[in-house]
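[1] quick one, what's the 3D model for this:
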Amino acid sequence: MSEPSMQPVEDFTKVESIFVRHRNCLLVRGQFTPIFTGYYIHLMESKQRYDNEMDATLKDLLAVLTLHLTARPWAETLAWTINLRAPRVNYFATGSSTFENITGRLFTKDVREPDRNLLYSQTSVSGEKPRVTTVALETNDAIEWIEHYYKQSEQRPAKCFRLDDENYALIAAQPGYDEEWFDELDAKKVAAITEEEQTKVLETRKFHFNCGCSLERILPSLSSWRDRKDELFQGEEFIKVNCPRCGQTYEVRPEDLDED
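    The predicted model follows:
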């Protein structure tokens, strides 16, 4: 067995937004080991475990949503839910450019069976009504989900790639883009864009895996039970409540529902 790497893992995944001159395309790329490390620490601490294939798909979803967030304007919060027919599962991921965080989880119990695979996207900006988009999907591959989303919702082509060493890249066409060049792009060509094309870094954002949930944030959802504690707890010392965003479990005791 080889010795484990002694190189430190950064706390954040740095995501670059790069304009490809003369091709009129936006390249967004990042190395996702920091986010994936945070994700696995979270699973360990919250005692969650996923099927290997579903786990890999959720990691892809976390990566592509982070890239998409970086391609979008600042101050947006995005939430994607993917409802699949087979396996019957909901993938959920959400992130915020304001707080530079990304989180997600799987739902495998009591999942509604849709008549087709669907992606539900919600975009939230402070002070505005959330915008919701629904896109039908044809595959179970998160890389193809983001490409299909761009085609149907953004109404412009995009390509997404898993590269070596947990690097991911998204390249989205802009008005007047070089169609022939774009159509010929593959993983090898995308990995070499900054060496072979004229590019300009537009901005850099940093993301980490973090939900931001806490017992204090969970309690308001139980406020309607404040006068019905006996019915809620049924003689138990505490109940367990899961965060809907990341699956973290919290123990709630009757006294926690008392008003300050």
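
[2] need the contact list for Trp125.
    For residue 125 the amino acid is Val, not Trp. In this structure, Val125 makes contact with 75-77, judged by Cβ atoms under 8 Å, 6 or more residues apart in numbering. (Glycine included, C-beta is placed from N, CA and C.)

[3] my guess is Leu67 contacts Leu26, does it?
    No: at 10.4 Å, Leu67 does not count as touching Leu26 under the criterion of Cβ atoms under 8 Å.

[4] what about the two, which has more around it?
    More crowded of Leu67 and Leu26, by other Cβ atoms under 10 Å: Leu67, with 26 against 20.

[5] skipping its backbone neighbours, what lies nearest that one in space?
    Leaving out its chain neighbours, the residue that sits closest to Leu67 by Cβ to Cβ, 6 or more residues apart in numbering is Leu170, at 4.1 Å.

[6] tell me how far that neighbour lies from Asp11.
    23 Å (Cβ to Cβ, to the nearest Å).

[7] compare those two (neighbour count), which wins?
    The neighbour comparison of Leu170 against Asp11 (other Cβ under 10 Å) goes to Leu170, with 27 against 10.

[8] shaky segments in the stretch 101-250 of the chain?
    Within the stretch 101-250 of the chain, no stretch has pLDDT under 70.

[9] any idea where the strands of it begin and end?
    101-107, 117-125, 131-137, 158-162, 167-173, 199-209, 239-242, 249-252 (DSSP state E, counting those that start in this stretch).

[10] given the third one, what are its sheet partners and their directions?
    Note on strand 131-137: by DSSP bridges, its sheet partners are strand 117-125 (antiparallel).

[11] tell me where this protein has helices.
    For the chain, applying DSSP state H gives helices covering 33-45, 52-71, 142-149, 179-183, 187-191, 193-196, 215-218, 229-233.

[12] Asn117 is nearest to which of those?
    Nearest to Asn117, of all the helices of the chain, is helix 142-149, at 8.8 Å by Cβ to Cβ.

[13] and the contacts of the closest one?
    Helix 142-149 is contacted by residues 57, 60-61, 63-65, 67-68, 82, 91, 119, 121, 135, 137-139, 157-162, 170 when judged by Cβ under 8 Å, 6+ apart.

[14] for stretch 182-189, same thing?
    With Cβ under 8 Å, 6+ apart, stretch 182-189 has contacts from 23, 25, 157, 159, 161-163, 171, 173, 196.

[15] from those residues, which is closest to Leu106?
    Nearest to Leu106 among these is Arg162, at 19.5 Å by Cβ to Cβ.

[16] name the nearest residue to that closest one, sequence neighbours excluded.
    Using Cβ to Cβ, 6+ apart, the closest residue to Arg162 is Tyr168 (6.0 Å).

[17] please tell me how far the one you found sits from Ala191.
    Separation of Tyr168 from Ala191 (Cβ to Cβ): 11 Å.

[18] common neighbours of the two, please.
    Common neighbours of Tyr168 and Ala191 are listed as Phe161 (criterion: Cβ under 8 Å, 6+ apart).

[19] who has more neighbours, these two?
    Shown here are Tyr168 and Ala191; by other Cβ under 10 Å, Tyr168 has more neighbours (24 against 15).

[20] who is that one paired with across the strands?
    With DSSP bridges as the criterion, Tyr168 is bridged to Gly30, Arg162.

[21] so it sits right up against Val64, yeah?
    Yes: at 6.8 Å, Tyr168 counts as touching Val64 under the criterion of Cβ under 8 Å.

[22] okay, and the common contacts of these two?
    Common neighbours of Tyr168 and Val64 (Cβ under 8 Å, 6+ apart) are Cys160.

[23] tell me the centre residue of the chain?
    Central residue of the chain (Cα atoms, centre = their mean): Leu62, 3.3 Å from the mean position.

[24] what about that one, distance to Phe182?
    25 Å.

[25] what do you get for Phe12?
    Distance from Phe12 to Phe182, by Cβ to Cβ: 30 Å.
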